[in-house]
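Participant: sequence plus predicted model, see below.
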Amino acid sequence: MAVSEFDPKLSRAYREASTEGPPAAVDAAILAAARRQAAQSRRPARAPWLRWMAPASALATLVVAVALAFLVEREQPQTSEGTAIRAIPPLRPSAPPVRSFDPATEKAADSAAPAAAMKKETPAVTAPLPAPIAASPVPAPAVSTPVAPSATPAASPAQVTAPPAALAFPAESRAKSAESRMSAQKAAESESMRQSNVARDSAPGIAGASSPTAPAAAGKLAPLRPEASRRSPEAWLEEISRLQREGRGKEAAEQLAEFRKAYPAHAVPENLRGLQ
Amino acid sequence: MLAYRSGEGAAFEALYERWRGPLYRYFLRQCNHAGQADELFQDVFMRVIGAAAGYEPTAKFSTWLFRIARNRLVDHWRKLGREPVDPPAAGEDGDEGVFDPPAPDGETPHSRAEQQQLGRALLAALNELPEVQRDAFLLAEEGGLTLEEIASVSGVGRETIKSRLRYATAKLRGKLEPWR
């Protein structure tokens, strides 16, 4: 008779006969080692300093970000101003702040007062403007002459209402002044220095250039500007030569000085170089 | 074991209480020497404790435990210059009769004495088995492993284990024939 690999009765007999166990000393040694191991397992696996890793990382990121922001702000102030310009939507002529300040600008236009007087009346407009821009003489003739509007191509309706808006919103004022400066610098390449004396009279400045009130004031203050703005360097030199020929040397010398300020790189004819 | 890995000392104590006897007897029957059994037994449980941190339940704990134990035993045998081999199967057709010991009939002194004699005869017969057959028998009886688990622990095929167990059972029955 073939037998199976397992015999329940044999197994039972074996279990009843086999009851030995390890000595108590071995039991104690093994259990003690197990307890030591369990105590080590209960300890935090992470080192204590690792608990501060996440907060420290966040703090370091914040510090770097703030430092970077300060660095960029300090090294590129013009860029920051440009960003402000882009962030501000263009003003519309019907914007309430513009209308609310119209009387002030009309008052400034009606009075043919000098620039100093206008500055007293509207300090908020002229104060934040940079000095070179405020002294720029170009916009006044460009706006006041019938043929000049092309000289200030950026003169949009928004710019026309810029001064009142500038009173209401200093940030927008800076933005508008920056836009005006961009257009003014283009036009000023040829005429800024020549019109310095006229510019002093029309010092409401760049704001006046883009203001609807500026043409009236500029027309009274600088009647010669339209002629000057239309005059080419050659025509100007020809006029200086004519003044010299007519014996009006002092006037010719003054005109030549003005010419040299306006066109420092332009060649002066031999016959005029003696004028001082 | 997973609970012990996470630091619960009581979980190991439960495991130890469950397996201390079977594992110790496995070594005791294989070595037939209490001192060597103590050493091997303690060494295996120290390995279990050391491996607890990286323990992954890929098999039954008993299979994992007796795999460690058998590997340790093979190392011990090699150290002693013993190489357990399968004995020749000639003359062992497995037909050694049916072992049918008398069921215990109460707690009479006579029956207890008879059971003790039977037990001693069984252990003596087990000690005379070839090592690989005894190993398979002990893994089945003490470890409670199946044929597949014994084959996995021993590194041989299932049919080989089945054959070893059959021969071991037949020999034990033959030795215990007087007790029928």
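Facilitator: Cool, the structure landed. Residues are numbered from 1 along each chain as shown, chains lettered A, B, ... in the order given.
Participant: any buried residues in the helix or strand that contains B:H76, and which?
Facilitator: In the assignment (DSSP states H and E), B:H76 maps to helix B:61-79. The neighbour-count check on helix B:61-79 (16 or more other C-beta atoms under 10 Å in any protein chain shown) flags B:62-70, B:72-74, B:76 as buried. Every residue, glycine included, has its C-beta placed from N, CA and C.
Participant: could I have it exported to PDB, CA atoms only?
Facilitator: Output of helix B:61-79 as PDB, limited to C-alpha atoms (Å, rounded to 0.1, in the frame of the first residue of the first chain):
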ATOM      1  CA  PHE B  61       6.500  34.800   8.100                       C
ATOM      2  CA  SER B  62       7.000  31.100   8.800                       C
ATOM      3  CA  THR B  63       8.400  30.600   5.300                       C
ATOM      4  CA  TRP B  64      10.700  33.500   5.700                       C
ATOM      5  CA  LEU B  65      11.800  32.400   9.200                       C
ATOM      6  CA  PHE B  66      12.500  28.800   8.200                       C
ATOM      7  CA  ARG B  67      14.300  29.900   5.100                       C
ATOM      8  CA  ILE B  68      16.700  31.800   7.300                       C
ATOM      9  CA  ALA B  69      16.900  28.800   9.700                       C
ATOM     10  CA  ARG B  70      17.700  26.300   6.900                       C
ATOM     11  CA  ASN B  71      20.300  28.500   5.400                       C
ATOM     12  CA  ARG B  72      21.900  28.900   8.800                       C
ATOM     13  CA  LEU B  73      21.800  25.100   9.300                       C
ATOM     14  CA  VAL B  74      23.400  24.400   5.900                       C
ATOM     15  CA  ASP B  75      26.200  26.800   6.800                       C
ATOM     16  CA  HIS B  76      26.600  24.900  10.100                       C
ATOM     17  CA  TRP B  77      26.700  21.600   8.300                       C
ATOM     18  CA  ARG B  78      29.300  22.900   5.900                       C
ATOM     19  CA  LYS B  79      31.400  24.100   8.700                       C
END
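Participant: so which elements touch it?
Facilitator: On a contact count with 3 or more C-beta pairs under 8 Å, 6 or more residues apart in numbering or on different chains; DSSP states H and E, helix B:61-79 meets helix B:9-31, helix B:34-50, helix B:131-141, helix B:147-154.
Participant: who wins for proximity to chain A among those helices?
Facilitator: Distance to chain A, taken as C-beta to the nearest C-beta, is lowest for helix B:9-31 among the helices and strands packed on helix B:61-79, at 3.7 Å.
Participant: tell me the angle of that closest one relative to helix B:131-141?
Facilitator: 150 degrees (axes from the mean of the first three to the mean of the last three C-alpha atoms, to 10 degrees).
Participant: buried residues, helix B:9-31. List them.
Facilitator: B:9, B:11-13, B:15-16, B:19-20, B:22-31.
Participant: domains in chain A, as residue ranges please.
Facilitator: Chain A is divided into the following domains under automatic domain parsing: A:96-223, A:233-272.
Participant: tell me, how many neighbours does B:L122 end up with?
Facilitator: Neighbour count for B:L122, taken as other C-beta atoms under 10 Å in any protein chain shown: 22.
Participant: thinking again about what came up before, of all the helices and strands packed on helix B:61-79, which lies closest to B:R120?
Facilitator: helix B:9-31 (13.3 Å; C-beta to C-beta).
Participant: now find how far off-centre the closest one is within its chain.
Facilitator: 12 Å (C-alpha atoms, centre = their mean, to the nearest Å).
Participant: coming back round to it: list of residues touching the helix holding B:H76?
Facilitator: Defining contact as C-beta atoms under 8 Å, 6 or more residues apart in numbering or on different chains, one finds that helix B:61-79 is touched by B:1, B:15, B:19, B:23, B:26-27, B:30-31, B:36, B:40, B:43-44, B:47-48, B:58, B:83-84, B:131, B:135, B:139, B:143-145, B:149, B:152-154.
Participant: quick one, phi psi at A:R273?
Facilitator: phi -70, psi -20 (degrees, to the nearest 10).
Participant: OK, contacts around the nearest residue to B:C31 once chain neighbours are set aside?
Facilitator: Ranked by C-beta to C-beta, 6 or more residues apart in numbering or on different chains and with sequence neighbours excluded, the top spatial neighbour of B:C31 is B:A37, at 5.2 Å. Residues near B:A37 by C-beta under 8 Å, 6+ apart: A:22, B:24, B:27-28, B:31.
Participant: need the residues you listed in TSV with distance to A:F6, can you?
Facilitator: As requested, those are exported to TSV (distance: C-beta to C-beta, whole Å):
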residue	distance to A:F6
A:P22	27
B:Y24	23
B:F27	22
B:L28	22
B:C31	25
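Participant: a markdown table for these, including distance to A:K9 and pLDDT?
Facilitator: Output for these, formatted as a markdown table (distance: C-beta to C-beta, whole Å; pLDDT from 0 to 100):
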| residue | distance to A:K9 | pLDDT |
| --- | --- | --- |
| A:P22 | 28 | 91 |
| B:Y24 | 24 | 95 |
| B:F27 | 25 | 93 |
| B:L28 | 23 | 92 |
| B:C31 | 27 | 89 |
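Participant: out of those residues, who's nearest A:R35?
Facilitator: A:P22 (17.2 Å).
Participant: lovely, talk soon.
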